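Q: Okay, here's the prediction I keep looking at, along with the sequence it came from:
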Amino acid sequence: MYENAPMAASTNIIQLPSGVSYQDLRQGDGEVVSEGKRVNIQWSLKRSNGYIIDSSANNDGVPFIFVVGCRDGCKQQQRAIKGLDEGIRGMKVGGIRRIVMPPSLTFVEGLEDGISPGPIPVGFGPKQRIQRVMKLRADVPDESFLLDVKPTRVQ
């Protein structure tokens with residue numbers, strides 16, 4: 001996902017009111033991600049200590065596809081976790097952004113059923129790692145999930 005990715009000229013970290021923060025690692029040059037758009041992303045999910053939980057690369061490069069801003073009334077598989085939904089807005093196709101999300105804006109529903117807002121890791125091990133954070137460490141200061149995302153298509 002980071003192929004030939006020069007660092008962005010600006011390394012500003014943007015803090016959103018919800019507690020989500022993000023930093024653009026590489027600027028894109030394609031269409032802009034905005035509310036109501038259907039987005040394909042490549043992703044890598046990590047804990048705040050850098051431990052990799054899962055990624056689209058581990059799943060044969062299959063992108064996660066969702067509709068930005070889709071909440072109630074949408075199909076379950078078209079929804080993204082709240083932190084991703086907030087943090088991806090304004091990106092351009094081809095860019096890479098690191099989104100830092102508190103546990104309360106990530107996997108709060110349906111991790112076991114596999115149809116909750118995603119991206120949901122496929123394997124048992126990655127799901128267990130997420131559950132460990134959600135159940136045992138959700139109230140630990142500075143515990144968060146890092147999600148590196150690269151939009152590959154917007155329609």
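A: That came through fine.
Q: Which of the residues in the helix or strand bottoming out on mean pLDDT in the chain are classified as buried?
A: Every helix and strand of the chain was ranked by mean pLDDT, DSSP states H and E. The lowest is helix 124-136, at a mean of 83. Using 16 or more other Cβ atoms under 10 Å as the test for burial, helix 124-136 gives Pro126, Lys127, Arg129, Ile130, Val133, Met134. (C-beta placed from N, C-alpha, C; glycine too.)
Q: tell me which element Leu147 is part of?
A: Leu147 belongs to strand 145-154 when assigned by DSSP states H and E.
Q: so that strand versus helix 124-136, what angle?
A: Following axes from the mean of the first three to the mean of the last three Cα atoms, to 10 degrees, one obtains 130 degrees for the angle between strand 145-154 and helix 124-136.
Q: Parallel or antiparallel, which strands does strand 145-154 pair with?
A: Sheet pairing of strand 145-154 (DSSP bridges) gives strand 38-47 (antiparallel), strand 96-101 (antiparallel).
Q: now these as a markdown table including mean neighbour count, distance to Asp24 and mean pLDDT?
A: Putting the strands paired with strand 145-154 into a markdown table (neighbours: other Cβ atoms under 10 Å; distance: least, Cβ to Cβ, whole Å; pLDDT from 0 to 100) gives the following:
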| stretch | mean neighbour count | distance to Asp24 | mean pLDDT |
| --- | --- | --- | --- |
| strand 38-47 | 21 | 14 | 95 |
| strand 96-101 | 23 | 5 | 96 |
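Q: what packs against the least confident helix or strand of the chain?
A: strand 38-47, strand 52-55 (3 or more Cβ pairs under 8 Å, 6 or more residues apart in numbering; DSSP states H and E).
Q: Let's see that with 6 Å instead.
A: Judged by 3 or more Cβ pairs under 6 Å, 6 or more residues apart in numbering; DSSP states H and E, helix 124-136 is in contact with strand 52-55.
Q: average pLDDT for the next helix or strand after the strand it packs on?
A: Once the chain leaves strand 52-55, the next helix or strand it forms, by DSSP H and E, is strand 64-67. On average, the pLDDT along strand 64-67 is 93.
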